[in-house]
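[1] Need a 3D model of the sequence below.
(one chain, ligands or ions: 1)
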Amino acid sequence: MHHPRGSALLIDADDTLWENNVCFEQVRAQFLQWMEALGFPGGEVEETFAEMEHENIRNNGCGGENFVASLKDTYLSFRPDPATRDHALSQIDAMAETVRKHPIHLLDGVRDSLEILRRKHRTILFTKGNPTEQNRKIEASELAGCFEAIEIVREKSVSAFQGVIARHRLPKQYTWMVGNSPKSDINPAVAAGIGAFYIPHAWTWKREREELCVSTQVTVLKRFSDLLEHL
Ligand SMILES: [Mg+2]
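    Predicted coordinates for the structure are as follows:
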């Protein structure tokens, strides 16, 4: 398809360019098992963790460090034996090592597709989370060179989209968001007046699930490389 010069793509990172949430889910599952082995009831632990996580995200935004803090807060809320507490907390740290280091596994076709897309469109990486953690992942992905700009925000709200559109003077009619989250990528993009490509990921975080808005501005794709057929 032909697009005028200056057409632009805002591209999400976690679970769009690389695997992310699966890493957190594995640690969460391991933690729940570990808590059960210590004698704390699974259902209650799961519920408490969800509350702690919600609270910590509200106060500090999302990210790996905050996730580890939520695991520890959950454990401590069950009033564990002080004699074994410190050892247990260090076990949680060990479990969470994968989340802290977060090895980057690019999704299929991402690198090659980006190389093509960036020659035809302005490309901006648009992600949310802890800037230090996100920057580390971007560096590890070796994809920074595929983007003219990198934008890290705390939440991808409608006003965050409006901010990026204004800062980079993006033409709304020829700008699209690409991402895996209806809540953070697709719905606010459409509300801000741009188009969107929704690429669902099987491991999308449950906090990111939200009913996809009904709009002719949204195209659903199976995989990242399918973008090349539309852009
Ligand atoms: Mg994402």
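[2] now stretch 110-125: how far from the chain's centre is it?
    Chain-centre distance of stretch 110-125: 19 Å, with C-alpha atoms, centre = their mean, to the nearest Å.
[3] Also stretch 32-49?
    On C-alpha atoms, centre = their mean, the centre of stretch 32-49 falls 26 Å from the chain's centre.
[4] And that stretch, what's buried?
    The neighbour-count criterion (16 or more other C-beta atoms under 10 Å) identifies 32, 34-35, 40, 45, 48-49 as the buried residues of stretch 32-49. In this view, the C-beta of every residue, glycine as well, is placed from N, C-alpha and C.
[5] Of these, which belong to helices?
    Cross-referencing those against helices under DSSP state H gives 32, 34-35, 45, 48-49.
[6] one step back: just flag the most distant two among the buried residues of stretch 32-49.
    34 and 48 (14.2 Å; C-beta to C-beta).
[7] Closest one to residue 10 out of the ones in helices among the buried residues of stretch 32-49, please.
    Distances from residue 10 to those, taken by C-beta to C-beta, are shortest for residue 49, at 31.7 Å.
[8] isn't the closest one right up against residue 71?
    Yes. Under the criterion of C-beta atoms under 8 Å, residue 49 makes contact with residue 71 at 7.2 Å.
[9] and for those two, which residues touch both?
    Common contacts of residue 49 and residue 71, defined by C-beta atoms under 8 Å, 6 or more residues apart in numbering, comprise 28, 31.
[10] The lengthiest strand in the chain and the ion in contact?
    When the chain is scanned for its longest strand (criterion: DSSP state E), the result is strand 122-128. No. Using C-beta under 5 Å from the ion, strand 122-128 stays clear of the ion, coming no nearer than 7.5 Å.
[11] And the contacts of stretch 12-29?
    Here stretch 12-29 has contacts from 11, 49, 64, 67, 71, 95-96, 98-99, 102, 104-107, 110, 114, 125-127, 129, 134, 137-138, 141, 143, 177-181, 184-185, 199, 201, 203-205, 224, using C-beta under 8 Å, 6+ apart.
[12] Same check on stretch 192-201?
    By C-beta under 8 Å, 6+ apart, the list of residues contacting stretch 192-201 reads 10, 15-16, 21, 107, 158, 161-162, 165, 170, 172, 175-180, 182, 185-186, 189-190, 212, 215, 217-224, 226-227, 230.
[13] For it, buried residues please.
    192, 194-201.
[14] which among those residues gets closest to residue 85?
    residue 201 (36.8 Å).
[15] For this protein, which segments count as strands?
    8-11, 122-128, 149-153, 175-179, 195-198, 218-220.
[16] Partner strands of the first one and their direction?
    When pairs are called by DSSP bridges, strand 8-11 turns out to pair with strand 122-128 (parallel), strand 175-179 (parallel).
[17] helices or strands up against the one helix or strand in the chain whose mean pLDDT sits lowest?
    Lowest on mean pLDDT, DSSP states H and E among the helices and strands of the chain sits helix 97-101, with a mean of 85. If you count contacts as 3 or more C-beta pairs under 8 Å, 6 or more residues apart in numbering; DSSP states H and E, helix 97-101 packs onto helix 21-37, helix 64-77.
[18] Which member of the buried residues of stretch 192-201 is positioned nearest the ion?
    Nearest to the ion among the buried residues of stretch 192-201: residue 201, at 7.3 Å, using C-beta to the ion.
[19] what residue is smack in the middle of this structure?
    residue 14 (3.8 Å; C-alpha atoms, centre = their mean).
[20] On the pLDDT front, check that residue for me.
    For residue 14, the model assigns a pLDDT of 95.
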